[in-house]
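Trainee: how would this look folded up:
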Amino acid sequence: MKKIRIGCGSGGCAFERLEPAIELVEKGKIDYLIFECLSERTIAEAQRQKQKNPEKGYNPMLEERMRIFLPLMKKYPFKIISNMGGANTMKAIEQIRSIAEELHITGLKLAFVAGDDITGRIHHYDHYPLMERSGCIGSIPDILSANVYLGADSIKAALDAGADIVITGRVADPSLFVAPILHEFNWDSDEYEKIGQAILTGHLMECGAQLTGGYYADPGYKEVPDLHILGLPIAEINEEGQVFFTKTPDSGGMVCVDICKEQMLYEIGNPAAYITPDGVADFSQVVFTQIGENKVSAWGAVSHGITDTYKANLAYEDGFIGIGEISFGGGTALERSKLAADIIQKRWEIIGIQPEEYQFSHIGFNSLYKTKISRQIQSGVIPEIRLRVAVRTRTAQDAHKLIRELQCLYINGPAGSSGIFSRTESVLSIDSFLIPRKDLNPTFSCEVL
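Mentor: Next comes the predicted model:
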């Protein structure tokens with residue numbers, strides 16, 4: 001029975017370790033290596049970079065990765081699929097072409113997918129409602145970018161055309177993995193159990209090391225071995241849709257049923273209706289089984305067909321944030337931190353500037369959960385506290401003036417302060433909306449290096 005092995009070389013980060021991905025190629029016997037490098041904020045930041053410099057906007061590790069993995073592609077039989085194109089897929093392709101020429105790499109077929117960036121026509125959708133806040137798109141004055149989460153279709157088409165490397169911009173994370181599965185097995189769109197298994201595979205794999213124990217370890221409760229050499233996951237799937245998850249031998253971490261369960265429920269909303277461009281997946285009947293050391297089988301996912309919309313990601317400039325921090329140590333550190341916060345608030349009244357939003361956090365006491373947990377577990381002396389002040393304003397000048405009041409505490413505040421730090425930066429906010437599928441016409445283009 002035909003089967004393929006897919007490795008995930010990066011899980012949603014602009015930056016990621018390289019040696020575990022090299023290990024996937026050299027020891028994992030993979031057919032495909034997927035670099036998933038975009039989050040919601042990443043694509044927006046890439047658009048910012050592109051506006052500042054038209055030569056930028058693709059993944060900052062693209063060059064470093066390609067210098068390593070292009071030569072490996074001539075040695076091992078695997079293909080690369082990645083959203084490293086970010087906001088500037090064309091420049092990413094130019095960079096890959098240049099690196100291949102420099103390294104004398106020839107014979108590989110390079111493809112890119114286009115059609116996700118709708119920034120230039122976003123105002124055609126001014127009356128469309130936003131998903132995260134009230135109002136419509138037209139109510140946002142400073143739109144930076146708009147990118148649609150494309151599906152597996154165009155990636156599959158590029159693979160069908162013989163592509164060895166496929167570079168995309170914004171696509172749905174699981175679609176990077178669904179595409180090679182559909183390409184290899186050529187399943188019909190109404191084979192809902194198989195499509196569901198493909199989406200399940202992509203969803204579990206998309207965050208890379210989270211499937212091998214990253215973001216899971218909790219000493220004394222959930223132990224994970226050798227996190228310092230954490231390996232990356234491999235999915236082995238056959239033409240019937242049965243999938244197994246594993247990792248490279250001798251790498252750190254582990255693959256177990258509990259980790260797979262956690263990852264399946266990660267960022268999906270309703271497990272019975274996880275909406276992706278490749279299908280509405282139902283994971284409610286999925287069964288994971290440990291069938292060996294670091295090997296888990298998964299079965300039971302189904303798809304209910306595609307929707308008539310795509311989800312789009314909208315980024316916009318949304319004022320400024322000022323952040324300041326200062327530390328206090330000793331038996332009364334918390335009391336002095338609270339006094340400092342009180343001084344700052346009273347100073348805001350004196351200078352006549354109030355933030356639109358603000359938050360005081362006493363790190364080490366209530367910075368993550370305010371007082372919900374600290375009231376339950378506080379006992380005795382807290383030996384050190386770091387006060388963090390965050391303000392949100394419409395202008396950079398106001399943010400700077402508000403945070404300056406923390407900077408003045410060195411000689412105007414409580415005893416024993418140290419380690420003052422502050423910064424002011426623009427706020428990049430994210431929202432989403434739905435766009436008719438018929439409005440998009442994703443395309444791909446191939447060339448031989």
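Trainee: now the helices for the protein?
Mentor: Along the chain, counting by DSSP state H, helices occupy 19-27, 40-52, 62-75, 89-102, 153-160, 175-185, 192-205, 257-264, 333-351, 374-377, 396-407, 409-412.
Trainee: buried stuff in the first one?
Mentor: With burial defined by 16 or more other Cβ atoms under 10 Å, the residues of helix 19-27 counted as buried are 20, 21, 22, 23, 24, 25. Every residue, glycine included, has its C-beta placed from N, CA and C.
Trainee: ok, back up a step: okay if I get the helices of the chain as CSV plus mean pLDDT and distance to residue 113?
Mentor: Putting the helices of the chain into CSV (pLDDT from 0 to 100; distance: least, Cβ to Cβ, whole Å) gives the following:
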stretch, mean pLDDT, distance to residue 113
helix 19-27, 97, 21
helix 40-52, 87, 14
helix 62-75, 97, 15
helix 89-102, 97, 7
helix 153-160, 98, 4
helix 175-185, 98, 10
helix 192-205, 97, 16
helix 257-264, 97, 26
helix 333-351, 96, 50
helix 374-377, 58, 48
helix 396-407, 97, 37
helix 409-412, 92, 52
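Trainee: Throw those helices into CSV and include distance to residue 427, thanks.
Mentor: Compiled in CSV, these are given as follows (distance: least, Cβ to Cβ, whole Å):
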stretch, distance to residue 427
helix 19-27, 33
helix 40-52, 11
helix 62-75, 27
helix 89-102, 27
helix 153-160, 33
helix 175-185, 29
helix 192-205, 30
helix 257-264, 30
helix 333-351, 19
helix 374-377, 28
helix 396-407, 10
helix 409-412, 25
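Trainee: Out of those helices, which is closest to residue 146?
Mentor: Residue 146 sits nearest to helix 40-52 of all the helices of the chain, at 9.1 Å, using Cβ to Cβ.
Trainee: Can you list the helices and strands that that closest one packs against?
Mentor: With contacts defined as 3 or more Cβ pairs under 8 Å, 6 or more residues apart in numbering; DSSP states H and E, the secondary structure elements packing on helix 40-52 are strand 143-148, strand 309-329, strand 417-436.
Trainee: Residue 246 is in contact with residue 27, correct?
Mentor: No. With contact defined as Cβ atoms under 8 Å, residue 27 does not count as touching residue 246 (11.6 Å).
Trainee: Kindly state the pLDDT recorded for residue 133?
Mentor: We note a pLDDT of 85 for residue 133 in this prediction.
Trainee: ok now do the nearest residue to it once chain neighbours are set aside, which residues does it touch?
Mentor: For residue 133, ignoring the flanking residues on the chain, the nearest one in space by Cβ to Cβ, 6 or more residues apart in numbering is residue 431 at 6.0 Å. The neighbourhood of residue 431, defined by Cβ atoms under 8 Å, 6 or more residues apart in numbering, consists of 130, 131, 132, 133, 140, 314, 316.
Trainee: Would you mind listing which of those residues are buried?
Mentor: The neighbour-count test (16+ other Cβ under 10 Å) marks 140, 314, 316 as buried among those.
Trainee: picking that back up, point out the most buried one among the helices and strands packed on helix 40-52.
Mentor: Among the helices and strands packed on helix 40-52, judged by mean count of other Cβ atoms under 10 Å, the one packed with the most neighbours on average is strand 143-148 (a mean of 23).
Trainee: returning to that earlier point: out of the buried residues of helix 19-27, which comes closest to residue 334?
Mentor: residue 20 (41.0 Å).
Trainee: And that closest one, how close does it get to residue 11?
Mentor: Residue 20 sits 10 Å away from residue 11, going by Cβ to Cβ, to the nearest Å.
Trainee: what's the answer for residue 226, then?
Mentor: As judged by Cβ to Cβ, residue 226 and residue 11 stand 18 Å apart.
Trainee: Which of these two has more residues huddled nearby?
Mentor: When residue 226 is set against residue 11 and neighbours are counted by other Cβ atoms under 10 Å, the residue ahead is residue 11, at 23 against 13.
Trainee: how about the more buried one, what does it touch?
Mentor: With contact taken as Cβ under 8 Å, 6+ apart, residue 11 is in contact with 36, 206, 207, 208, 209, 210, 214, 232.
Trainee: Ok, residue 230 next?
Mentor: Taking Cβ under 8 Å, 6+ apart as the definition, contacts of residue 230 comprise 20, 209, 212, 213, 214, 251, 252, 253.
Trainee: Go through the residues you listed and name the one nearest residue 164.
Mentor: Among those, and counting by Cβ to Cβ, the member closest to residue 164 is residue 20, at 21.8 Å.
Trainee: can you tell me the distance between the two ends of stretch 258-272?
Mentor: As for stretch 258-272, its first-to-last residue distance stands at 19 Å under the measure Cα to Cα, to the nearest Å.
Trainee: now that stretch: how far from the chain's centre is it?
Mentor: A distance of 16 Å separates the C-alpha centroid of stretch 258-272 from that of its chain, computed with Cα atoms, centre = their mean, to the nearest Å.
Trainee: tell me which residues in it are buried?
Mentor: Buried-residue list, stretch 258-272, by 16+ other Cβ under 10 Å: 259, 260, 262, 263, 264, 268.
Trainee: Distance of the first one relative to residue 215?
Mentor: According to Cβ to Cβ, residue 259 and residue 215 sit 9 Å apart.
Trainee: Enumerate the beta-bridge partners assigned to the closest residue to residue 45 other than its chain neighbours.
Mentor: For residue 45, ignoring the flanking residues on the chain, the nearest one in space by Cβ to Cβ, 6+ apart is residue 428 at 7.0 Å. Following DSSP bridges, residue 428 is listed with bridge partners residue 317.
Trainee: measure residue 428 to residue 317 for me?
Mentor: From residue 428 over to residue 317 the distance is 7 Å, taken as Cβ to Cβ.
Trainee: what's the burial count for residue 63?
Mentor: Neighbour tally, residue 63, other Cβ under 10 Å: 16.
Trainee: Repeat that for residue 49.
Mentor: Other residues within reach of residue 49, judged by other Cβ under 10 Å, total 17.
Trainee: quick one on the thing from earlier: closest to residue 62 among the contacts of residue 431?
Mentor: residue 314 (24.8 Å).
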